[in-house]
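In: My questions concern the predicted model and sequence given below.
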Amino acid sequence: MDLATVIGLVSGTIFILMAIILGGSATIFINVPSLLIVIGGTLATTFIKFKMADVLGSMNVAMKAFLVKMEDPQAIIAEMVAYTRIAKKEGLIALEKENPGDPFSTKALRYLSDGYDEGLIEDMLNKDIRLTLQRHEIGQNVFKAMGDSAPAWGMIGTLIGLVQMLSAMDDPASIGPAMAVALLTTLYGAVIANFFCMPIADKLTLRSEQEKLNKSIIVEGAIGINRGISPMVLEESLKIFLSPKERDKEQEKVVEPKAAVEGAAN
Amino acid sequence: MDLATVIGLVSGTIFILMAIILGGSATIFINVPSLLIVIGGTLATTFIKFKMADVLGSMNVAMKAFLVKMEDPQAIIAEMVAYTRIAKKEGLIALEKENPGDPFSTKALRYLSDGYDEGLIEDMLNKDIRLTLQRHEIGQNVFKAMGDSAPAWGMIGTLIGLVQMLSAMDDPASIGPAMAVALLTTLYGAVIANFFCMPIADKLTLRSEQEKLNKSIIVEGAIGINRGISPMVLEESLKIFLSPKERDKEQEKVVEPKAAVEGAAN
Amino acid sequence: MDLATVIGLVSGTIFILMAIILGGSATIFINVPSLLIVIGGTLATTFIKFKMADVLGSMNVAMKAFLVKMEDPQAIIAEMVAYTRIAKKEGLIALEKENPGDPFSTKALRYLSDGYDEGLIEDMLNKDIRLTLQRHEIGQNVFKAMGDSAPAWGMIGTLIGLVQMLSAMDDPASIGPAMAVALLTTLYGAVIANFFCMPIADKLTLRSEQEKLNKSIIVEGAIGINRGISPMVLEESLKIFLSPKERDKEQEKVVEPKAAVEGAAN
Amino acid sequence: MDLATVIGLVSGTIFILMAIILGGSATIFINVPSLLIVIGGTLATTFIKFKMADVLGSMNVAMKAFLVKMEDPQAIIAEMVAYTRIAKKEGLIALEKENPGDPFSTKALRYLSDGYDEGLIEDMLNKDIRLTLQRHEIGQNVFKAMGDSAPAWGMIGTLIGLVQMLSAMDDPASIGPAMAVALLTTLYGAVIANFFCMPIADKLTLRSEQEKLNKSIIVEGAIGINRGISPMVLEESLKIFLSPKERDKEQEKVVEPKAAVEGAAN
Amino acid sequence: MDLATVIGLVSGTIFILMAIILGGSATIFINVPSLLIVIGGTLATTFIKFKMADVLGSMNVAMKAFLVKMEDPQAIIAEMVAYTRIAKKEGLIALEKENPGDPFSTKALRYLSDGYDEGLIEDMLNKDIRLTLQRHEIGQNVFKAMGDSAPAWGMIGTLIGLVQMLSAMDDPASIGPAMAVALLTTLYGAVIANFFCMPIADKLTLRSEQEKLNKSIIVEGAIGINRGISPMVLEESLKIFLSPKERDKEQEKVVEPKAAVEGAAN
């Protein structure tokens, strides 16, 4: 599971709870009808905006995105380098026996061992990437749409509460608590939008980009293996995908331009 | 009719009604002059912004979009495969006797049986798609414009109510109810924009994309039939239009790259 | 004059008046200093933003756009077809005697009868279209800018009123009416922006597109006449500019692809 | 100085003063600390956002833009036509003695009289235009940034005032005036943003476009002079830069397409 | 350190403090729970939106951007001209002994002295620029995201405070101070977003552009040195990167087009 997301969600919840508890009783902040209109209304709007399968699928995408650990791009490079060593020694057919955990790598190895030609491997794998990104994009759109709807439903709830309060102001003592309840939906809407939906939509975008990067490394690696590029050159050319910081982590090896030249010459 | 839209509209209405009824009398939420200024003003603005035919047409587009069931892309693929079988066996002329429910397919079959050449068939059908999308776009724009106008008219109504209330504050007891009525237009505007117009505009966009997809499958299929591609290859190449999930639904057949190669070679 | 615009402006005004009159005296809604600061301030801002000629010109463009009836594209097509008949029978020189009401058609006919070559005719007429669109765009920008400024000046007026009211709260009875007056500028700003300026800017955009369409038909027609295309083929090729609905209006003639082929072959 | 800007600034100020004076004492609208926090805060933010030279330069650009009168494009055309006459009669070298007021024309004439070749003249002058536009763009960005910051600082000032007022509500009589003062910063922010910064940023954009037009006429003219085009043809081809209205001003001469043809043939 | 930023931050803080202190006690503006929910919540949201390394890295980027002085582009040009003199006299190998402070120049010199060919040097250095820009962009995005979150958390804090105040309105005397505290979070959010995060994001964008300019000069210079261009021509061609103002600073030397021609001819 993504650590930064966990830290963010937990610490943010703690800050909200702290603000609530320091100010007195927390029970005044829980109001089931208010919760129902904000969450229910937001989901209702989302159902009108999207296909049912997309709404349900987006929850799935979000769950998987946070629970399934993203593989480290460096580990993927190491893996691809290991496969190219096997292919050099035992031939492409030997890759059939390899069993990487990731289904995308498995597919890539199967294409290699089945002897498809390079253009076909590249096409099939890139289409897979494109479809995954498309599925992720729907997930992001659903969360963004919920982030847009929640404050609107918070306002609708508050307006309903205000109209009810204002049309029955017989007892001045009840004005305060009634208005407090009316404001709760606005609070719920603001928290749901700004603390849950919007940040999660942004994180899904980031995850999607990282997954694209990881899969691009695999595609590039598979093509390299198919062409019979040497392990060292493959490693060098795959490292271009890493950010400079990640490259630094490997003991600041100076990248030799000559090695890169050889790689380009292949 | 689109199920997700129905669920969204019904459940959203229930949540609003629940919030209203739990808080007391529902009659205070019905105010005919307030409804008139928000709905009337929104429609008036829409008439200024668009041509009359476009405003009326957009209602039509929306109605048809929600009442007419979209054909399943898989059913369309199955249909196109059936037609290619007929064409192979009995010749293109035999397609004249076929009678698909959809007018677009009917048109495609007529062009095939009349023996027009491939470029012309593709041009005529693609122009039809383009014009349909254009008509849908006007519908989306009308609903988006209404979604922009409704909150503005809600605010105009509330301001009128506030001015009236403030300039006649003789009786303090009347302030509350008068302000409640003034806020009603803001509530109406928020509900109309966020619960009706905006989500429906978004759904129309989605429908438009789906319809484009369906018609693209038919165009691609008609071209394939005209070229005499084999039914199996046609099915394979049309399935590329499906999302991976829809492909999975058909018992997870492993897509054979070799079949795709044959298709490409044709 | 554009019917939808008239209906929108009249009905919207009626809805506002209804809301005002149903709530009591209408005189409280008229406040000359409030009107002056909103309208005057909006115009002042518009003068700072644009050249003086552009501000005055935009009013002119808007007036002409609403008072001058747009010609029906079908009537224009019929006219162009009639001219091609004349040109076929009596030669291009005979077009000199024709007198279409529209100055753009007149100019096109003069170029044809003067015997300019096709490229030159196309260039001159397209430049005319481009300059007209540019003039319209300035009109749209002026109205959009006014729509942006009006609510800001409404807020400035309300803030001035609130400061005056708050700094002299000796008589509690005067607070209500003073605040009512302060809110009037916000109301004026909202009505001016959302009911007048913004919708009119949108309508000008639409008009501009329609005028471009009409003039494009004339350009296409003039080129066709110059090339000596047959009236029937010209009509067929000009009808492509019409939306499917407008085409349907002419008794649902089935468009014969063969005719189109002939047209393309010319 | 730009007349529309002067009219806008003066009349807008009059409308604001009128609203203030009609409502009673104007002194309550002047509050030095409130002015300091809005203007000071806005400038502070602008300093953080930009380089110091850019902030100071933008004031300079704005001043020059409003005080230096833009040359009329028609006067520039007349001037270029006069130079082409001189060049025809006395040779390019004679242009050295000419002394146009504008430094850009002076530079163009010097390049012509020094005998640089056409490509070089065009490159050097176009680079000058590009750099001027770039400098203007920084000016526009600074004013836009100030227009964004001013309302935010108005709100910060109002919040500070409200907190102070609310935390010391011992004397109910002081609430009104204290809140009046608190609202002043919001008023200042709204006026500064909507009446000064935003419109001036828009006018700078317009000026920048006009200056680009004027300089483009000079570049085109200089190239024409270098090529030895006849004065009449040069005038015709430079007039294409004018808007149709400006062309009409010259006694509605019918533009002869034949002259344009000759110009194109050169 | 960037002087304009310091001036902006210091003067802005002074203006805020002045507004606070002139209005009475400053202690009412310090409320630890309010600070915690705004700052804590903003950071929590940022953690959900980005990867942990990116959040921490962005602080680093911002710090370095404000503390490390940007090199003057003119100094860089002078340096490159000096290196080309050395290379002309002692050969490219002599550049190895040079030790510029900037790691990017050092890298460029090393590539030159190692004798890599031009295309490779350009590729390697441009990739370095691209990666730096990418890292800066993450920093800008993090600050922009914090600028978006802070006002939202300010509103959440105020809503929590209002609900607490409204649900316990027994003592009217406590309403004012409680509401003052509730408003503090909105104030904190506005200051953090408008005075810190947003302007700093903008300044980082500007810094990033300047750094790109500086590094582009070095790349251009390195290529020139490798080609053996004369020092004077190199200086002339590198000065094109300077803004006209910076060029003026060097005693208004008239740029000789002839020199530029020679430069272009090389």
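Out: That came through, no problem.
In: wait, isn't A:N31 in contact with A:L183?
Out: No. Using CB atoms under 8 Å, A:N31 is not in contact with A:L183, being 10.3 Å away. Where C-beta positions appear, they are placed from N, C-alpha and C, glycine not excepted.
In: Neighbour count: these two, which is higher?
Out: Legend: neighbour count by other CB atoms under 10 Å in any protein chain shown for A:N31 and A:L183, higher for A:L183 (23 against 20).
In: ok, now how distant is that one from B:F29?
Out: 19 Å (CB to CB, to the nearest Å).
In: Report the angle between the longest helix along chain A and helix E:118-166.
Out: Looking across chain A with DSSP state H, the single longest helix is helix A:118-166. On the basis of axes from the mean of the first three to the mean of the last three CA atoms, to 10 degrees, helix A:118-166 is oriented at 20 degrees to helix E:118-166.
In: does chain E sit close to helix A:118-166?
Out: No. Under the criterion of CB under 8 Å from any CB of the partner chain, chain E is not reached by helix A:118-166; the shortest gap measures 9.3 Å.
In: That helix close to chain B?
Out: Yes. Helix A:118-166 lies within reach of chain B by CB under 8 Å from any CB, at A:120, A:124, A:127, A:131, A:134-135, A:145, A:149, A:152-153, A:155-157, A:159-166.
In: Pull out the buried residues from these.
Out: For those, a burial check counting by 16 or more other CB atoms under 10 Å in any protein chain shown picks out A:124, A:131, A:135, A:145, A:149, A:152-153, A:155-157, A:159-166.
In: For A:L67, the count of nearby residues, please.
Out: 9.
In: pLDDT score assigned to it?
Out: Note for A:L67: predicted pLDDT of 76.
In: try A:H136
Out: With respect to pLDDT, A:H136 scores 85.
In: Can you give me the distance of the nearest residue to A:G147 once chain neighbours are set aside to E:M198?
Out: Among residues not flanking A:G147 along the chain, A:C197 sits closest, at 3.5 Å (CB to CB, 6 or more residues apart in numbering or on different chains). Distance, A:C197 to E:M198, using CB to CB: 22 Å.
In: A:G40 now?
Out: For A:G40, the distance to E:M198 - CB to CB - is 35 Å.
In: Mind checking which of these two has more residues around it?
Out: For A:G40 versus E:M198, the count of surrounding residues by other CB under 10 Å is larger for E:M198: 24 against 19.
In: Now for A:I160: which residues touch it?
Out: Counting by CB atoms under 8 Å, 6 or more residues apart in numbering or on different chains, A:I160 makes contact with A:I37, A:A182, B:I16, B:A19, B:I20, B:G23, B:F29, B:L187.
In: Flag the least confident of these.
Out: pLDDT is lowest at B:G23 among the contacts of A:I160; the value there is 78.
In: Double-check that residue against A:T158; I have them as touching.
Out: No. Using CB under 8 Å, B:G23 is not in contact with A:T158; the gap is 11.9 Å.
In: Give me the spatial nearest neighbour of the spatially most central residue of chain A, chain neighbours excluded.
Out: Chain A has A:L204 as the residue nearest its centroid, 2.7 Å off, counting by CA atoms, centre = their mean. Of all residues not flanking A:L204 in the chain, A:Q140 sits nearest, at 4.8 Å (CB to CB, 6+ apart).
In: now swap in A:R110 and tell me
Out: Counting by CB to CB, 6+ apart, A:R110 lies nearest to A:E96, which is 7.1 Å off, once chain neighbours are set aside.
In: does any bit of stretch A:49-68 sit next to chain E?
Out: No. Stretch A:49-68 lies out of reach of chain E by CB under 8 Å from any CB, never closer than 10.0 Å.
In: What are the buried residues along that stretch?
Out: A:K49, A:F50, A:K51, A:D54, A:V55, A:G57, A:S58, A:V61, A:A62, A:A65, A:F66.
In: Next: stretch A:134-141.
Out: A:R135, A:H136, A:I138, A:G139, A:Q140, A:N141.
In: The fifth one is in contact with A:T205, isn't it?
Out: Yes. The criterion here is CB under 8 Å, and A:Q140 meets it with A:T205 at 5.5 Å.
In: Contacts for stretch A:199-210, please.
Out: Outside stretch A:199-210, the residues that touch it by CB under 8 Å, 6+ apart are A:2, A:5, A:8, A:61-62, A:65, A:70, A:133, A:136-137, A:139-140, A:143-144, A:147, E:45, E:48-51, E:145.
In: mind redoing it with 7 Å?
Out: When contacts are defined by CB atoms under 7 Å, 6 or more residues apart in numbering or on different chains, stretch A:199-210 is touched by residues A:5, A:8, A:62, A:65, A:70, A:133, A:136, A:139-140, A:143-144, A:147, E:45, E:48-51.
In: Same check on stretch A:212-224?
Out: By CB under 7 Å, 6+ apart, stretch A:212-224 touches A:71, A:73, A:76-77, A:80, A:84, A:104-105, A:108, A:112, A:118, A:121-122, A:125-126, A:129, A:133, A:234, A:237-238, A:241.
In: Can you select the buried ones among these for me in PyMOL?
Out: With 16+ other CB under 10 Å as the criterion, this PyMOL line picks the buried residues out of the contacts of stretch A:212-224:
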select buried, chain A and resi 71+73+76+77+80+84+104+105+108+112+121+122+125+129+234+237+238+241
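In: Retrieve the pLDDT associated with the residue in the stretch 151-266 of chain A positioned nearest to chain D.
Out: Relative to chain D, the nearest point of the stretch 151-266 of chain A is A:G176 (15.9 Å; CB to the nearest CB). In this prediction, A:G176 carries a pLDDT score of 83.
In: how distant is the host helix or strand of it from the center of its chain?
Out: If you go by DSSP states H and E, A:G176 is part of helix A:175-191. With CA atoms, centre = their mean, to the nearest Å as the basis, helix A:175-191 stands 32 Å off its chain's centre.
In: can you check stretch A:53-64 too?
Out: Counting by CA atoms, centre = their mean, stretch A:53-64 is centred 11 Å from the centre of its parent chain.
In: so for that stretch, what's the average pLDDT?
Out: Stretch A:53-64 shows a mean pLDDT of 84.
In: Kind regards, and thank you for your time.
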